[in-house]
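Undergrad: take a look and give me a structure for this.
(chains A and B)
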Amino acid sequence: MLRLLSFVLFLAIWWTAALFVGGAKLPSPPAVLDVIIAEASSGALFLHLGATLARVALAFVLAMSLGSAIGYLMGRVKLADRLGDPWLILLLNLPALVVIVLAYIWAGLTEAAAIAAIAINKLPTAVVTLREGTRALDRSLDEMAMVFAMPRWRAFRHVVLPQLAPYIAASARSGLSLVWKIVLVAELLGRPNGVGFEIGVAFQLFDTPRLLAYSLTFAAVVLVIETALVQPFEARATRWRPRAA
Amino acid sequence: MRLEVGITGKTFKSAAGGTHEVLAPMKFSLQSGEVGVLIGPSGCGKSTMLRIILGLDRDFEGHVARPPEARIGMVFQEPRLLPWRSVEQNVRLAAPDVTDAKLSELFKILELEAHRSHFPGELSLGLARRVALARAFAVEPDLLVLDEPLASLDDALAGRLRDEIATLVASRSVMTLLVTHSLDDAIRLGDRLFFLSPRPAHIVQAVPISIPRAERNEAELARIRAELAALQLESK
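TA: Next comes the predicted model:
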């Protein structure tokens, strides 16, 4: 209910601002809705959204799985931590734009280059978060698993993984928002489709309604994914915690 | 089966760089069906000893011979349950072979039936300790290690659990190692008592109790207590 109210307030502010500024710079909500409907009925909206979502999904899965594995290793093995740390700091501080441009130069304007560039941008934050989570693992529970001779996989699944779940959720959430932002830049620079490409076109034509139509639909999709996927996962992972009254 | 402990020393380096001797040379063994009790002042190195015996700490001098196929049931000082798994899952994860009947029986004895699906965070410490006991018993251990399992329980419950431990030990041939501060627990459960010195720990006295556990009535216990008091005066 409160969320709905907050959304209505957002619309009201937008509409009022549009009346003052004028349609060329800030079109009113109905004008943007018209564009959304037109783009949707032609199918272009879904094509571009689909292309972007596919890139996000691939890059996200790649970065999360690789990053979690590396982070776990660095948290457990001191040698891996010392070897990997300089790389990590370099990657963490490398601007996204540099990675994207270099990927396109070295691997051509290809799909693989775009996805790899997005994944590389997300990778170090996943590594850092999971390394922190691994360092915080409860040694006494490890010992318990060892004494009771739990097989490795069972111990990992029931002893280690639940402790890492909050870190995985945090890394997924921050990572998803990072990937959303970077995917558009990668598309703008070197892909012939996707929301980023459309926004680039709209920018060149100073077509504000089109620009808003694409970015708002995109934001809506992000919101849906966040509430439908990320939040339920978090709730499930922490359901054993006694709830505050 | 037989557990042989021959530790010749254990030191550890403190953060400041000094080395501390935790354990002095000590030697003892335990047969199947026997209950060994380690009694000693707080911080004398009992937990370090247990960690060595369990194979959690390999950085020591000497040797520990533990049958490699021996199943271990352990009750740690803190319950060490998985907070994200229910009581029943906690037991089943440690003891995957436990039958439903066996589990029900254990939960009944330990009065845990009502708490099967609770998470450990919802339990009192006393209940959590009972779950830890259930877990250790459920694996049907060959070596049962109890690190102050009855601490912080009220007398009535502690008494009942002590009887349960005695029943379990009697029902199958298990080597049991009990660490306790309570002389009462020691003489009611133990076959051999090992009195430990302050750090670095060594065995000051090893006292066998020859009367079978089941035949120790209050009169016998009083006599054992008096004997131990006399022994301790002697050694001082």
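Undergrad: can you give me the helices for chain A?
TA: Along chain A, counting by DSSP state H, helices occupy A:2-21, A:29-42, A:44-76, A:78-93, A:96-107, A:111-135, A:139-147, A:152-155, A:161-190, A:195-204, A:208-225, A:231-237.
Undergrad: return the residues in contact with the residue most central in space within chain A.
TA: By C-alpha atoms, centre = their mean, chain A has its centre lying nearest to residue A:176, at 1.3 Å. Neighbouring residues of residue A:176 by C-beta atoms under 8 Å, 6 or more residues apart in numbering or on different chains: A:56, A:60, A:222, A:225-226, A:230. All C-beta atoms are positioned from the backbone trio N, CA, C, and that covers glycine.
Undergrad: could you export stretch A:93-108 as CSV, CA atoms only?
TA: Only the C-alpha atoms of stretch A:93-108 are listed here, as CSV (Å, rounded to 0.1, in the frame of the first residue of the first chain):
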residue,chain,number,x,y,z
ASN,A,93,39.6,0.0,-9.6
LEU,A,94,39.5,-0.4,-13.4
PRO,A,95,36.8,1.8,-14.8
ALA,A,96,34.0,-0.1,-16.6
LEU,A,97,34.5,1.9,-19.7
VAL,A,98,38.1,0.8,-20.1
VAL,A,99,37.2,-2.8,-19.8
ILE,A,100,34.4,-2.5,-22.4
VAL,A,101,36.5,-0.6,-24.9
LEU,A,102,39.4,-2.9,-24.5
ALA,A,103,37.2,-6.0,-24.9
TYR,A,104,35.7,-4.6,-28.1
ILE,A,105,39.2,-3.8,-29.5
TRP,A,106,40.7,-7.2,-28.6
ALA,A,107,37.7,-9.4,-29.3
GLY,A,108,35.9,-7.4,-31.9
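Undergrad: in that stretch, what's buried?
TA: A:96, A:99-101, A:103-104 (16 or more other C-beta atoms under 10 Å in any protein chain shown).
Undergrad: can you check stretch B:115-135 too?
TA: B:115, B:119-120, B:123, B:127-135.
Undergrad: ok, now stretch B:170-190?
TA: Under 16+ other C-beta under 10 Å, the buried positions of stretch B:170-190 are B:174-180, B:182-190.
Undergrad: first-to-last residue distance for that stretch?
TA: 12 Å (C-alpha to C-alpha, to the nearest Å).
Undergrad: anything in that stretch near chain A?
TA: No. Judged by C-beta under 8 Å from any C-beta of the partner chain, stretch B:170-190 stays clear of chain A, getting no closer than 12.6 Å.
Undergrad: mean confidence for that stretch?
TA: The average pLDDT within stretch B:170-190 is 86.
Undergrad: and that stretch, how far from the chain's centre?
TA: Distance of stretch B:170-190 from the chain centroid (C-alpha atoms, centre = their mean, to the nearest Å) equals 7 Å.
Undergrad: and what of stretch A:42-56?
TA: Using C-alpha atoms, centre = their mean, the offset of stretch A:42-56 from its chain centre is 16 Å.
Undergrad: same deal with stretch A:9-23?
TA: For stretch A:9-23, the distance to the chain centre is 29 Å (C-alpha atoms, centre = their mean).
Undergrad: just stretch B:24-44 next, same as before
TA: Counting by C-alpha atoms, centre = their mean, stretch B:24-44 comes out at 10 Å from the chain centroid.
Undergrad: what about that stretch, how long is it end to end?
TA: With C-alpha to C-alpha, one end of stretch B:24-44 sits 11 Å from the other.
Undergrad: which ones are touching residue 64?
TA: Picked chain A for this. A:122, A:126, A:168, A:171-172, A:175.
Undergrad: looking at chain B here, not the other one
TA: B:3-7, B:52-53, B:55.
Undergrad: with distance to chain A, pLDDT and secondary structure added, can I get these in JSON lines?
TA: JSON lines is the format used below for the contacts of residue B:64 (distance: C-beta to the nearest C-beta, whole Å; pLDDT from 0 to 100; DSSP: H, G, I helix; E, B strand; the rest coil):
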{"residue": "B:3", "distance to chain A": "14", "pLDDT": "87", "secondary structure": "strand"}
{"residue": "B:4", "distance to chain A": "19", "pLDDT": "87", "secondary structure": "strand"}
{"residue": "B:5", "distance to chain A": "16", "pLDDT": "87", "secondary structure": "strand"}
{"residue": "B:6", "distance to chain A": "21", "pLDDT": "86", "secondary structure": "strand"}
{"residue": "B:7", "distance to chain A": "19", "pLDDT": "85", "secondary structure": "strand"}
{"residue": "B:52", "distance to chain A": "13", "pLDDT": "90", "secondary structure": "helix"}
{"residue": "B:53", "distance to chain A": "10", "pLDDT": "90", "secondary structure": "helix"}
{"residue": "B:55", "distance to chain A": "8", "pLDDT": "87", "secondary structure": "coil"}
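Undergrad: done for today, thanks.
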